[in-house]
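Colleague: Build me a structure from this.
(chains A, B, C and D)
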Amino acid sequence: MSAIRSLAVATLILVLCGLPHSLLAASPNGKQQAGPGAQADLDVGRQAYVANCSRCHGLYATGGDGPNIQRAPITLGNDGVIKIIKNGVPGTMMTAFNLDDTQIGAIIAYIRSLGRRNEPPMPTRGDKVKGQTVYDGNGCAGCHTIDGQGGSLGPELTQIGSLRQPDMLRQTLLDPGNALPTTAPNRDRGKWVLYTIFRAVQRDGKVVEGMRVSESTFAIVLEDAKSNFHSLSKANLRSLEKEPRKTYMPSFKDTLSAAQLDDIVAYLSSLRDLSDTRNAQ
Amino acid sequence: MSAIRSCLIVALVFALGSLARNTLPASQDPQRRPGTQSAAPPIVGDPDKGRDLFQANCSGCHGIDAGGGDGPDIQQAPASLGDATVANIIRRGVPDTPMVGFFSIGDAGAADIVAYIRKLGSTMSSETTKGDPRKGEEIYNSSGCPACHMIAGQGGEIGPELTSIGAKRGPSNLHQRLIDPGVNLPKEGNVGDRGKWTLYLLYRAVTNDGHVTEGIRMGEDSFSIVLKDVNGNFHALYKPNLRSLEKEPLKSLMPSFKDTLSSAEMDDLVAYLVSLKGATP
Amino acid sequence: MKAAKFFLSLLLFCLCSPSKASAQDVPYKRLLHSDTEPQNWFMYGGDYQSKRFSFLKQITPQNVVNLRPAWIYQRSRPGEMIEDSPVVVDGIMYIVEPPSTVTALDARTGLAIWSWTPALPRVVKVDGYHATSRGVAVLDDMVYIGTIDCHLVALDRKTGAVRWSVTLGDNKINYGLTAAPMAIDGKIIIGPSGSEDGVRGFIDAYDAKTGKRLWRLYTVPDPGEPGSETWGGGQILGGAAWNKGSYDPELNLIYWGTGNPAPDYNGDGRPGDDLYTCSLLAINPDTGKVKWYFQYTPHDTHDWDGTQVPVLFNASLDGKPRKLLSVANRNGFYYVLDRVTGEFVAGVPFVKETYAKGLDAKGRPIVLPNTDPGTEPVLVYPSNNGGVDWVSPAYNPLSKTFFVNAREMGAYFAKSKLPDKPLVVGTGMVMGGRGNSYLSGDDSYGAIRALDVTTGKRKWEFKMQAPSWVAPLATASNLLFSADDEGDFFALDSNTGKVLWHFRTGGSFISSDTRSSPITYEVNGKQYVEAADGDTFIAFALP
Amino acid sequence: MKASKYVLTFLIAFLTIHARSFAQNVPYVRLLHADGEPQNWLMYGGNFQSQRFSRLKQINRENVHTLRPVWIYQPPKPGMDEASPVVVDGIMYITETPSTVTALDARYGTRIWSWSPVLPEHVYTIGLHPTNRGVAILDSTVYVGTIDAHLVALDAKTGAVKWSVLVADNKRNYAIASAPRVINGKVIIGIGGGEAGVKGFLDAYDAKTGARLWRLWTIPNPGEPGSETWGPDMTGTGGATTWVTGSYDPDLNLLYWGTGNPAPDWNGKGRPGDNLYSCSLLAIDPDVGKMKWYFQYTPHDTHDWDSSQVPVLFDDNVNGKPRKLVAMANRNGFYYVLDRVTGEFLAGMPYVKQTWAKGLDAKGHPIMLENTEPSAAGQLIYPSVMGGTDWSSPSYSPETKLFYVTAHEMGAYFKEGQPKLDFSGPPNFGGGGQSALSGDDAYGAIRALDSLTGKLKWEYRLVAPAWVSTFSTAGGLVFSGSDEGNFFALDASTGKLLWQFRIDGANVRTNPITYAVDGKQYVIGIAGNDFVGFALP
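Modeller: Numbering: from 1, shown residues only, chains lettered A, B, ... in the order given. Purely as a prediction, here's the structure:
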């Protein structure tokens, strides 16, 4: 898979590029619109969704042959999604569906109900202001970028609060190697684990260890701990092994107090900037 | 120009291609085939208003006479696609091409532009014809035309297909071609900044070993050329292997009927050709 | 050597002598003996037996390392993924640019000669299939294409002018053509897609000259007709025969696979075997009547269409010469049948499969419990894309080896409640659940597998990063060409599976798709291998 | 031989230092000495002088005929790719239409990351293609201008946005397709939109923060010096955009940037006078953003002949005296050599057929002929609206001292129409247009000009006018392409065809480059939607 790292990005790009831009414009007001959420609607919605959408987007809209659309009603607005369902997305597999408005409304309500499931609640404990000092005081910025500031080794955290549950953030801080982030299910390939560390031994015995940023049947690109890219032809490798559960991120189990942990989780959860970074300028 | 021949088609494809992926109002007849008129009643626009709008917004790419420039020749677009379709292309653009949507022009403005393009494109076909199409058809068959030309799937493959020639060429133009076939041969639509290219242009190629090939240019680039000889055979020639490659302007594989047909017969034949406005089967 | 010389001279004759007109015509006779013209690739599958095998030997395991692109042709318009398997006749290549544009190329330079595009409805319905085409058929002086809006069109081979065009089914209810047509003596045969909307599958035969329909064979019965009892009184839907079949001129039988019943993942409404879905039909092309049928997957609830291309071959079993055919089926089993009688000869899994204990003496799967999609997802191997999907296999008759591009992947299958009122065909997809919640890509892979053609026993495999969508191509020089899902086209030693050469064609799943069916041909004594990827058709040759 | 050995060893030495541990950090000093690391192609134009000359010579006259593709990359969204890749230590940064940035493994063409902007509902691109010509890199940041006129800084490792600023309002048809020019701590970016009459300017931004340092308007405000060249009524005056990347002389600390046509394009009645500073070359002090000198190639242009060609900087002896020079093959059909210290005109002559000027006077001003203005009936003029050459870059070889340009031999009927000068509302074209001559009456050519005089040394003819940049190498080669998708190599001193390969592509608008990884030299050809890497067997 070329560009494993950018899969998530790519899925997004697929959506964004594919859409008539008009739909993108809908995003701001999108948040205000709340889909009809009555349970009856949800059942109708699930039926209609399963019949028409699930084959490509998965039963829980997390993607499959098509992209993950759980957040589509939030980022595009109901109108945006309605347009897509009615008109399809030119140049993609998303064709137009001639469904009546009630059906479409029910489908969107169903997708929103799924989306909500992923809307992380703000943690009850912890002080996000203190959390930021914990973040700055523990070298997180050395590897992570927030709003354009920080290192590039680890995932960007600008929007992490809206992507990850607090308890999952906590888990990751305690046991980073466990449950590494994955890509959205892509086409017929399933999800792929991001930031997986590989150990490559070249024919001349030279060892390269790094995170997989790109891999194909014949070549792999690893990014080492110093954030240097190593482009390797598999034919020149004596061995290439995954190192599951291994990660460049240290565990903060022993370095952070329970309180500090709550604070930093609170801080991370508060990072929910969904706006296009540059428009914020 | 690879596939000179197909450029016209390509130009059309740009338009039609967009229809498949771009949604248009329900006034369109989805089963429409090229050459036939749109089922939608032509929008009534003002060609004079359209002229200004066209020069302001369209001429830069499509040429001031709509004969093509950076963009394709669109003189016949309203005739072959229907007014509503062209109006929609003007407003919505053609996805994945430089043709952006001129949404700001509005429906009325688009209609005006279409009216102007129609005016540009229909300068010839507004003429009237004397002569009897039925007699003309007999002359067509008895004069050996079907050997080279195809109408509705029947006939030869050397000359241009005539199934809908009446929708593309006016009587005087057709008349003139029957008299002097080599003069102003048909041209392909202008794609890119290449100007229009002459179709059915005869070439004479002499290979380094002295083998001579004469035929119609089907495709050419800077290093190779494909000629179709009088038997309809393709000859793919690599220019470095050619001693000489000469255009034979004014020459055509089609004989002149100046002396073989009486002026009455000529009128009948022209009348028949003008009557050919059908869609391809 | 001698053979090669002969072809060479034949070619020079074809391309250089003015009288090559005759050579550029393709009478049925030439299709019948396509093996004697290895310089041409006459049809989808290469020949009537669908071997995807070439007798060309210029490119060998020794020199394949020098293979490089000779030319590149990029489609003239953006569109869906290219799944085309080109046809090459006497130096002219006929390709299909998605969805339904036919373009004739100079097979030596990739220079376009003519191009034809249908005027499509502004919204083309393609529920459950892609807006693309897998290729054309040629016969005499015409090229035949099935368009995405379900027209079968005959084009002039010299100009691309339309000779005739007929409508098979209404695209408004999701009938569409993606398969390459089959051209036999005076007939064009093709079947439409559409099962995901519950359309009724059929196979049509048309007069090659006039476009007059000669017969239509529905793949699922009308209520009351024989076979209807296998639907338990439920709605009889699906069975689209959306891929190409094979042909035995001597037995005068065509062999054609049928697709899944609808709804795909919930069979509650159609108790029984659901004939003749997920089956292979042996059809008399003169009458359109079924001589025999064999159902791979009775009562399918996993979207395992039986539309894989059957490969026809002869072999002696227990000392007796037999006329056989084999299919690597989407359900994960490899089948060998007697193509005269339809009798089941052998069958073994060719990928991991967890839905059946095996096949009984008649070749019927012994289904395991809890493999039917549940209200809660059930993990089953293979996934809904199967052990292999529409992607053709290849067969090397010299080494008696069958090559398949296998998909090692499982999926969670779940069914959903069916609507109470009967389905109205064409109102949207009727999946009745879903089967594409895949296992992690890191837990799956793809592999080119070499099987003994009579037993299905594996000889070797070549593992790939992920399941791929590219057909293998076998040559007499013991080469096997295919490509992975990341956009690398490669050559293997067909005896060992050792990779000898690879080239990055750059499509890959993440940019444009890699879903081609490579072919090989020869012009002026130079052998080419063609592969499509992304937006690009590439012809490879030796320096 | 010796030389080549030297270069090779030098190269290997260099690579062993850099290539393995893809350093990926590009301090300004590396850009300054770009010629010192020929394995990399660090910026648009190859170096600050925009010479598009590579000192790599592994691929040369003797072996170029064995050149063949080694990988292909196809962007997911088909479009007309005009990118000029940037290669740094084995990583290639390309742009895909309209404004996507992608990092590739330069050896295998596999993708590492990709970033796309979220574009607004409607993007105005009147008179320009929704495409992008490349990125700039400084330290660990990649800079790109987007079609909706933002300038964005991306992390070179991940594509994460570091900062993004709005350069101009796209609703007024301001758009960016050109690559930024990065100099010490500054990002210089130009804009397009002249066909909609936007008012041209050049901007400089702080590379670290994105703060705007200065803006230089290319058209004076009413009352300012130069305003008198627009006639009495200055309202709605537009054009003189800066839509192709300029060059830089670090010693003189001067930027050299071309400006586009005045608006409306084909009807000059509303703007009597020279229309400064349209169709000019501007020499700018990058510290203050002030013009040091200007040279106007086409006063009062009415043929859409932007002077948005890349100015090429080189030094040579003129009449025995060493001079610092800047040369441009202009869209108006003339080749110009100026003193880049003073802007003094030194030499100029046509390099394609032109029928609008009798020649250039001592100051380099064109001596206009009668009846060359667009007319309602249509006035046949050479060159066409495409000009003798357009934005595709030329190259200059310090070894042959030749200037290699993609020439368009084509005329057109220029027609005057009624301009719609409403710069408050939606974009408009500038009153008129052209209908080009038949393609059979035109052709293209790669031409080698004497860099000091513009005299034709040799030409290689093409079937049609091409839109492909050239680059030359120390291997004695000139690479370019045809409009039909052929990519080829010519002998730099004779113009003899040495190799060609057909990439094909609906729209061929290529900026080919060359680079090396682990001692292997690659050439990138781009046509239509394919990026093709070529190398020796």
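
Colleague: Need the three-state assignment for the single nearest residue of the stretch 101-250 of chain D relative to chain C.
Modeller: Distances between the stretch 101-250 of chain D and chain C by C-beta to the nearest C-beta are smallest at residue D:109, namely 5.1 Å. Every residue, glycine included, has its C-beta placed from N, CA and C. Look at residue D:109: counting by DSSP: H, G, I helix; E, B strand; the rest coil, its state is coil.

Colleague: List phi and psi for it.
Modeller: phi 70, psi 10 (degrees, to the nearest 10).

Colleague: Give me the distance between it and chain B.
Modeller: 23 Å (C-beta to the nearest C-beta, to the nearest Å).

Colleague: just residue D:138 next, same as before
Modeller: 31 Å.

Colleague: I'd assumed residue C:448 was in a strand, is it?
Modeller: Yes - counting by three-state DSSP, residue C:448 is located in a strand.

Colleague: these two touch, right, the residue of the stretch 101-250 of chain D closest to chain C and residue C:504?
Modeller: Yes - between residue D:109 and residue C:504 there is a contact at 5.1 Å, judged by C-beta atoms under 8 Å.

Colleague: what sits in contact with each of the two?
Modeller: Contact criterion C-beta atoms under 8 Å, 6 or more residues apart in numbering or on different chains; residues shared by residue D:109 and residue C:504: D:71-73.

Colleague: coming back round to it: leaving out the residues flanking it, which one is nearest to the residue of the stretch 101-250 of chain D closest to chain C?
Modeller: Sequence neighbours aside, residue D:71 is the residue nearest to residue D:109 in space, at 3.6 Å (criterion: C-beta to C-beta, 6 or more residues apart in numbering or on different chains).

Colleague: same deal with residue D:458?
Modeller: The shortest distance from residue D:458 to any non-neighbouring residue, by C-beta to C-beta, 6+ apart, is to residue D:495 (3.5 Å).

Colleague: Can you tell me the element residue C:324 falls in?
Modeller: Assigned by DSSP states H and E, residue C:324 belongs to strand C:320-328.

Colleague: Quick check: next helix or strand after that strand?
Modeller: Next along the chain from strand C:320-328, counting by DSSP H and E, comes strand C:333-338.

Colleague: how far off strand C:320-328 does that following strand point, in degrees?
Modeller: Using axes from the mean of the first three to the mean of the last three C-alpha atoms, to 10 degrees, the inter-axis angle of strand C:333-338 relative to strand C:320-328 is 150 degrees.

Colleague: hmm, who's touching strand C:333-338?
Modeller: By C-beta under 8 Å, 6+ apart, strand C:333-338 touches C:280, C:294, C:296, C:322-329, C:343-350, C:353, C:356, C:359, C:363, C:365, C:387, C:402, C:404, C:451, C:453-456.

Colleague: Which among the residues you listed count as buried?
Modeller: Buried members of those, scored by 16 or more other C-beta atoms under 10 Å in any protein chain shown, are C:280, C:294, C:296, C:322-329, C:344-350, C:353, C:356, C:359, C:363, C:365, C:387, C:402, C:404, C:451, C:453-454, C:456.

Colleague: and the residues you listed, which of them are in strands?
Modeller: Cross-referencing the buried ones among the contacts of strand C:333-338 against strands under DSSP state E gives C:280, C:294, C:322-328, C:344-349, C:356, C:359, C:365, C:402, C:404, C:451.

Colleague: in the stretch 351-500 of chain D, which ranges drop under the pLDDT threshold?
Modeller: Applying pLDDT under 70 to the stretch 351-500 of chain D flags residues D:418-433, D:435.

Colleague: Report the closest residue of it relative to chain C.
Modeller: As assessed by C-beta to the nearest C-beta, chain C sits closest to residue D:485 within the stretch 351-500 of chain D, at 7.6 Å.

Colleague: Surely that residue and residue D:528 touch.
Modeller: Yes - if you go by C-beta under 8 Å, residue D:485 and residue D:528 touch, sitting 6.8 Å apart.

Colleague: So for those two, which residues contact both of them?
Modeller: Shared contacts of residue D:485 and residue D:528 (C-beta under 8 Å, 6+ apart): C:74, D:503-505, D:508.

Colleague: tell me the least confident of the residues you listed?
Modeller: Ranked by pLDDT, the shared contacts of residue D:485 and residue D:528 bottom out at residue D:505 (75).

Colleague: residues contacting that residue?
Modeller: By C-beta under 8 Å, 6+ apart, the contact list for residue D:505 reads C:74, D:485, D:527-530.

Colleague: repeat that for 6 Å
Modeller: Residue D:505 makes contact with C:74, D:485, D:527-528, according to C-beta atoms under 6 Å, 6 or more residues apart in numbering or on different chains.

Colleague: elements contacting the strand of greatest length in chain A?
Modeller: In chain A, taking DSSP E as the definition, the longest strand is strand A:207-215. With contacts defined as 3 or more C-beta pairs under 6 Å, 6 or more residues apart in numbering or on different chains; DSSP states H and E, the packing partners of strand A:207-215 are strand A:197-202, strand A:219-223.

Colleague: what's the most buried one of these?
Modeller: Highest mean neighbour count among the helices and strands packed on strand A:207-215 (mean count of other C-beta atoms under 10 Å in any protein chain shown): strand A:219-223, with a mean of 26.

Colleague: what sits up against that strand?
Modeller: Contact partners of strand A:219-223, identified using C-beta under 6 Å, 6+ apart, comprise A:198, A:208, A:210-211, A:213-214, A:229-233, D:105, D:108, D:110.

Colleague: Pairing partners for that strand, with directions?
Modeller: Its sheet considered, strand A:219-223 pairs with strand A:207-215 (antiparallel), strand A:229-233 (antiparallel) by DSSP bridges.
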